[in-house]
Structures are given as structure tokens and as C-alpha cells.
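A.B. asks: sequence unavailable; structure follows:
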């Protein structure tokens, strides 16, 4: 049994759980249930199939490439693949070419994960997190516009000037509850509040503090988005909250040790994420691309990197420059 | 008194001065005067208020985060904040939400400054310089398009094909003098030639060579922009010169030790900055975003990084690759 | 004679050869012949003149900056310059300002090459490859739109929604042969199949395995682009294959030691490059910029970087964070 838990199935389930930082197979299973429920409710199973394909292919690729064993076992090579697997059928009509695209894309997400481990993690201790999903997802979606065999269903590129600014709308209490849970579900691209509930249960099973951070992140994002009058339709679908949920968890609980100061820092980061959600929506819309979790990823990278004893460069001479040699050798 | 000079007020004044690399409180004070003069002339005090708010919040955030003491004292955490504080009210209509935006944005600029210190400065000795302002400013501006509570006043996104190429226009001598000083004022987003004069005086007080570099940078940029026939209206407002002024100072005096070779290198960098000004204007216009100091920032990063003894990778095997293991262990 | 081979002429010829990773002066000479043949066939010599100017200026700049001797001798500072020199006159109408632009641009490509050596190569072992050409080329092209003295001849920016998706077209066998060789020629921006033949001969003279990789890369790209129904006109001009050719050579032969596993890895990378070709075409078209070799460059960077023993960051506390200090010092 213990050996079994090291096996491929458990690696995959933990991979699903790691989307919310949880190295817990049961949590991962509940997440898959949430995905399946949304497929059931929407009558479209392509996203669930894609989730499974993406998860399996990404994890398998890591094994074939002989990536770090412990990381594979923790599910760290699966969570970007499952997101690719959900995202592609969400935006691209199902076809044999789509599945080829998902398989190559999931394998690519593993390569990108390994690449981030060998660069920004190695040098600066930045977790790659869902960065590989965002990068791979954007490139695949953009590519789909160029290939006749891949049909982008929904997105309509628009100019910044066409961007709909929100009117002053205060949602009803029922809507507020729906938004609260959709903010959680949308991390898996699920605009379904029941799925959000299932996911939150999954998180709480694995970690009480992480669950509380998710709850607070969703609330803060909801308030900030409504106060700043973001597009009500986007807010209603949970699109202004899911990145903020991840930021609140990542900065407040997962990567830093919770303390009053860390909580204040996480609050700042969560509000910044809401700002960046607006920014990315505007910046990506002319390209016909969704933001994915980019607002969370950029916030995480920026907020996690400041380290003790590492100061900005002073406005003084740099060292050992190719041209400014004299600076280093005063006696010419 | 000496202790006082370590105090918060002086940290802020030096922060203003560091926009032009000058760790000098009097210089910073003169820069604030230049900003206030432009507000007085234009009858709009929001930018001056924003400058003060941004400067104070950014510096205070660095203290709360317990960033490097010496850097705070030198003003290295204030100069990106002051620029955020000027830029936001320049482009976004004043409102309570704007001030919330400025405060969060200025705090964010400090986090980004610390992040750059812990990454590109740590690993490659690249000064972050006004990079945090550019990144934060772009994201905040883009976000403003998405929020109904924030109203972008002036910018009109346009396609590359709409881009107005300049006719052959030779400005009059009076205009040339105005452009010369606006090139300096626009570093603080001030299209006011008197402000440019005050700023130049402030620089010369702190450093004669830096002042000369600023003068030469402004002249070279003016000539290059006119010869290449950049949009005359942009040239006239000083928009083709302010990044070049910073490049000339940074490469020619601040970060490299002045020598004939360094001067030639700085000349190349300054001309490249004018090219990049055109490039960024074109690349940012479809997004409805100004270039800010991005042309200077990219030029600085590229030109300051080449180091002695660090060569390009040869077109030969890389080491210790995950897949290409055989390359390292010939005996399988 | 041996000393002569260290001389400037040979440095330049090797620089031409290094576009396809070949440190071989004869190969470089054949590449120049291929460029000249395309000029002859098209009746436009500006690209050939540009190639020579770019090659000489970039190599000379490296000598003046006293860059790494061995790298200069190997031609590693010339191959980005020659590409700048071909690309600019391909898209911008010849004029005195254009030649000024090419000269500054070629010098800039050397600075960028040195900058990449001191950053991504130093820290992560990533070869800069044609990255400097892509970055410099994009910035110069974008700038040209802003300058009245520089006239962009052909490119028409278009929205993503205007992007022409390919109909199902099976090219004839003659066309297939043409495409096969144009896929090689387009690395030098030459849509001429005879030039492609000359270039392939040049590669085979220097390295049999590299030549085979080029052949396979061209074939795989052709098949993938046709199956996915890319724009037939782009496929026909070889625009869907040239980056894939470089990827196949770089991953399969040059930077990793060929083995069955490496071949499988290179196959994945080559298919990813075709996807990215579509992506970049779509992402660049609203900006009115060509993709250049960006699809190859990004694929190379992502696929070459994964290293043994370097794992992704676990979803656990980061070390020595500025704010989360308690994590490191449990006893406060």
C-alpha cells in the first residue's frame, strides 16, 4: 500500500491537488470530482477528459525525462498539465487535432516546469507555480488562431478602447455567494459554484489555514472588484477572484510563515492581484487570449522574491564592465 | 542635524533626487519645485500631490518591510514611487479611487524594487533603475481601462498602421531651446521647459559631469529624432529626448567611469535609446499605454550587463542536461 | 596561412556559418553565395549588401569592445549581425537612413550578444543563439514605423480576427520539394529554393549529422504545418519550417549528444516549434512585425535549460524572505 502510494495513480492525484498547493491525493480526487461535476452540469465532458489526459501526459513526460523523483511523487509535474488539459477544450472545439495539441502541450508544460526549476527557482528561489501553464497555454491558444484544424470557439479579440468598463452594480446576496464560490472554481476554469464548494472542501481537508486564506482571498477580491467597478459580467463569473484566491494562499500561508506582518503583506499582494487581473484582461484582449492565472503568477514572482540582505544596485559604478574597465583598475 | 539627515524627510528628498541618480537632498528639493512649477503653470495640482504621496508611501513601505537600511537612506526606494505618483494623475482623472490606486501602486513599486535587487542585481549586477516604475506603471494604467471607477483621460489606442510618421519639419531656434529643456523635464513627465531648467540646475548642483551628460544626451536625441523624422508633435513635447538623457547620464557617467571609450559607448547607447523610443511608442500605442522610461531602461540593462570574461555560449554541447546525459558520461 | 585564418576575413566568414551553428569559413562563404544568388534572382542587391555590412560591423564592434577573443574568432559575434543586415533591407526601403540604421543595429546586436553571454549563459547555460537578432530586429522594425525617414515596405498589421486560417490544401510534389528547401533558405530570410540547396550543401560540408537534422526538421515541419492546416501561402514560402530546422539541429545534434532519447526530445521540440510559429505569427501580426526566428529561440531556451538535480520549487516555505522572517528564525 505504501509502495502503491508512490505509484503513478497517486502521483497524478497529488498533481491535481497541487493546483491549490496541496500535496494530498484525496484533495486531488475531490478536485477531479469538481471538474467532472461542472462537465456534468454543462453537458460537455471534453474538459474532464482533457484534465485527465493533461494530468497523465504531463506526469508521464516527467518520468520519461527522468526529472527529479521526489518532485514527481509530490505531483509537482502534474498540476500545470491538468490546467492545460482543461483550458484547451474550454476554448478550442474538440477534434482529433485538439487532442494531439493537448498531448504535445501537456508534455511541453513539463519541459517548461523543468526549465523554470533550473532557472528562476535555482537562481532566485522563485516557485514556477502555474507559470508554465500560463506560458504554454497562451502560446497554444495563439497558435490555434493560425491553424485551420483548430477552431477557437468563443474569444473575440477587441481593442483596448472597446473594453467594457463596469457600471455601478451591486450584486444581490445570492449572487455574492455564487461569486464567492466561482472565484474558487475558476482556478480550474470552472464557472460553477457547486464545483467551487467541492474544491474548498478539498482544500480544507488538506489544510485548515490554506482554506481560510482561500476564503479571505475570494472575499477581498470580490469587494475590490465591485468597489473599483470591474465588468459585472466578469465579476459574476468569478473571473476577478480566482487569481486573488491563489495569491492569498501562496503569500499568506504556503510560501511564507503566517504572522501579522505576513498577513498585511498578503493583503497588499491580493489587492495588487485584482489590479493585475484588470491589467491582464485589457492587455490580452487585443490578442484574443484569456488571462489564465497570469495575475497571480506575476504577483507571486514579484512578492516572493525580495530577500533579506539583497539591496537594489546603488547609483554607482558597476563592476568588471567590458567597456568601463578603468573603473576597476584606477592605475591605467 | 546629522541624525536628522538620516531622517525620513531626507530619505524622501534623496528619493526625489535619485530619479536622476543624484543622492542629494537639495537636488531632490529642486526637483519637487520643478514639479510644483509645472502644476502651477498648468493649473493642475494633482501631479504634485501624487508625487508627494508616491514618494512618501514608497519610502515608508520600504521601512515597514525592513528593506536594506543604507538603500532607504540613499533614497533608492523612493524614486520609483514618486514617478508612479506623478504618472497616475497625469493619465487618470483624479478621484478617491485614484488615490487608493496611487497608494497601492507606490507600495507595489517598492516591492518590485526589492524584487529586482534580489534578482537581476544579485545575479547580473543590473541596476533596477526606473524599471519598477515602468512595470508597475504599465500594469496600473492597463488595469485602469478595466475599472469603471478609474477614468483614463487622454490616451487613445491606435493601430500601428495609424501611427503618424513625421513630415520633414525643422523646428525654429526658439523651439529647439524649448525641446532641449523639455527633454529633461519629461523624465518627471513634465512638458514644461522652465521645469526642465530647474531640474538641470538641480543636477549640476550635485554633479557637474552628470549635468554635462544630461545636456549632451538631450542634444543628441534632438538631432537624431529630427534627422529620422519622428513625429514633430512628440519631438516638440520632449518625448523623444527624456529617455536618452537618462541613458547618456547612466552609461556615460553614473555606472561606468568616463573615458573616451566609455563616451563612444554612451553615444551608441544614446542613439539606440532614440531608436527604442520610436519602437516602444509604436509597440505600446495599440495597448493605449505610454512608453514611460522603458526605452532608457532596456538600453541600460542591455548595455550595462556585458562583463569581462563572460563569453557567449559556443555552439557546442551544454552541460548536465536532463535528457542529453550521455554528453557528460561517455561510458554508459 | 594559419595566422591568416585567425584574421578578420575568416572571423566574418565563420560568423556567417554560425547562423547554422557551423564554425566553418567555407560553409560561411557558401551561405553568402546563397544570399547573393537570391539577390540575383530577385533583382534586389540590398539584402546582400546588408548581409556584408551587418556581418562586418557586428564583428568589428566585438573587436572594439574587446569581447572574448576566442568567441570572436569562432564567429560567435557575427551571426546575429548578418541576420540584422539581411532583415532590415528586406522590410525597409533602401535609403541613407536605412544604412545608418543597419550599422547601429548591427553594433547593437553585438552588445545584446555580449549581454546574453553575461546573463542567461552565465547563470543558466542557455545559448543566446539568434535571440539578439530577434530582439534587436523587432525593436528596429517597430522603430521604423515611428520614423518618417524609414519606410516599411510590405508588412500590414492586422487583428487576430483577421488572421487567415488555412484551407485544406495539399501541395503538389514539386511544391513540396520547393517548400522543403525554402524552409532552409528562410533562416536567412530567403524564399528561394536554390539558395536553400546551396545552404544545405554548406551545412553538409561542415557536418553530416547537422545536415541530416536540418533535412528531418524541414520534413517534420512541413508535415505538421500541412496537417494542422496553416496558411498555405506562408507554408509555401517556407515560413513554417525555418525555425523548426534550427530547432532540430540545435536540440538533436549541436547542443545535446545525439541518442534515441535525444532524438525523441528533438522531435517534440520540433513540433512545439511549429506550434510556436503559428503562435508568434498571430501575436506579432497586430504589431506589424515578422516572427523572425523567435519560435526557434523560445523553444531552444525552454528545452535546453532543464538540468539534472534541479527540481521545481516545492509548495513549501521559501528561504530568507524579507517579510516572512519568522520562517527562518523560529525563536523570535
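C.D. replies: Perfect, thanks for sending it. This is a predicted model, so every value here is computed, not measured.

A.B. asks: tell me the helix or strand right after the helix or strand of chain A with the lowest mean pLDDT.
C.D. replies: The weakest-scoring helix or strand in chain A, judged by mean pLDDT, DSSP states H and E, is helix A:2-5 (a mean of 53). Downstream of helix A:2-5, the first helix or strand assigned by DSSP states H and E is helix A:8-17.

A.B. asks: quick one: distance of the next helix or strand after that next one to the chain centre.
C.D. replies: Per DSSP H and E, the first helix or strand lying C-terminal to helix A:8-17 is helix A:25-42. In terms of Cα atoms, centre = their mean, to the nearest Å, the centre of helix A:25-42 is set 17 Å apart from its chain centre.

A.B. asks: average pLDDT for whichever helix or strand comes after helix A:25-42?
C.D. replies: Using DSSP H and E, the helix or strand that follows helix A:25-42 in sequence is helix A:46-64. Averaging pLDDT along helix A:46-64 yields 97.

A.B. asks: show me what helix A:46-64 is packed against.
C.D. replies: In this structure, helix A:46-64 makes packing contacts with helix A:8-17, helix A:25-42, helix A:69-74, helix A:79-91, helix A:96-116, judged by 3 or more Cβ pairs under 8 Å, 6 or more residues apart in numbering or on different chains; DSSP states H and E. From N, CA and C alone the C-beta is placed, and that goes for glycine too.

A.B. asks: helix A:8-17 and that helix, what's the angle between them?
C.D. replies: 120 degrees (axes from the mean of the first three to the mean of the last three Cα atoms, to 10 degrees).

A.B. asks: buried ones in helix A:46-64, by neighbour count?
C.D. replies: Of the residues in helix A:46-64, A:46-62 count as buried by neighbour count, 16 or more other Cβ atoms under 10 Å in any protein chain shown.

A.B. asks: show the pLDDT at residue A:308.
C.D. replies: 83.

A.B. asks: could you do residue A:170 as well?
C.D. replies: 71.

A.B. asks: tally of neighbours for it?
C.D. replies: Residue A:170 has 8 neighbours, counted by other Cβ atoms under 10 Å in any protein chain shown.

A.B. asks: wait, it sits on residue A:223?
C.D. replies: No - between residue A:170 and residue A:223 there is no contact, the gap being 11.4 Å when judged by Cβ atoms under 8 Å.

A.B. asks: and the closest residue to residue A:21 other than its chain neighbours, what does it touch?
C.D. replies: Nearest residue to residue A:21 in three dimensions, chain neighbours excluded: residue C:315, at 4.0 Å (Cβ to Cβ, 6 or more residues apart in numbering or on different chains). Going by Cβ atoms under 8 Å, 6 or more residues apart in numbering or on different chains, residue C:315 touches A:18, A:21-23, A:74, A:76, A:127, A:254-255.

A.B. asks: I'd like those residues as TSV, with pLDDT and neighbour count appended.
C.D. replies: Output for these, formatted as TSV (pLDDT from 0 to 100; neighbours: other Cβ atoms under 10 Å in any protein chain shown):
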residue	pLDDT	neighbour count
A:18	97	27
A:21	97	25
A:22	97	28
A:23	96	19
A:74	96	21
A:76	97	28
A:127	96	25
A:254	96	26
A:255	96	26
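
A.B. asks: columns distance to residue B:274 on top of those, output as TSV?
C.D. replies: Shown next, in TSV, are the contacts of residue C:315 (distance: Cβ to Cβ, whole Å):
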residue	distance to residue B:274
A:18	48
A:21	47
A:22	52
A:23	52
A:74	51
A:76	46
A:127	39
A:254	46
A:255	42
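
A.B. asks: what residues of stretch A:180-187 count as buried?
C.D. replies: A:180-187.

A.B. asks: out of those, which are inside helices?
C.D. replies: A:180-185 (DSSP state H).

A.B. asks: so where's the stretch 201-332 of chain A uncertain?
C.D. replies: Within the stretch 201-332 of chain A, the segments meeting pLDDT under 70 span A:325-332.

A.B. asks: and residue A:82, what does it touch?
C.D. replies: Per Cβ under 8 Å, 6+ apart, neighbours of residue A:82: A:15-16, A:19, A:51, A:54-55, A:58.
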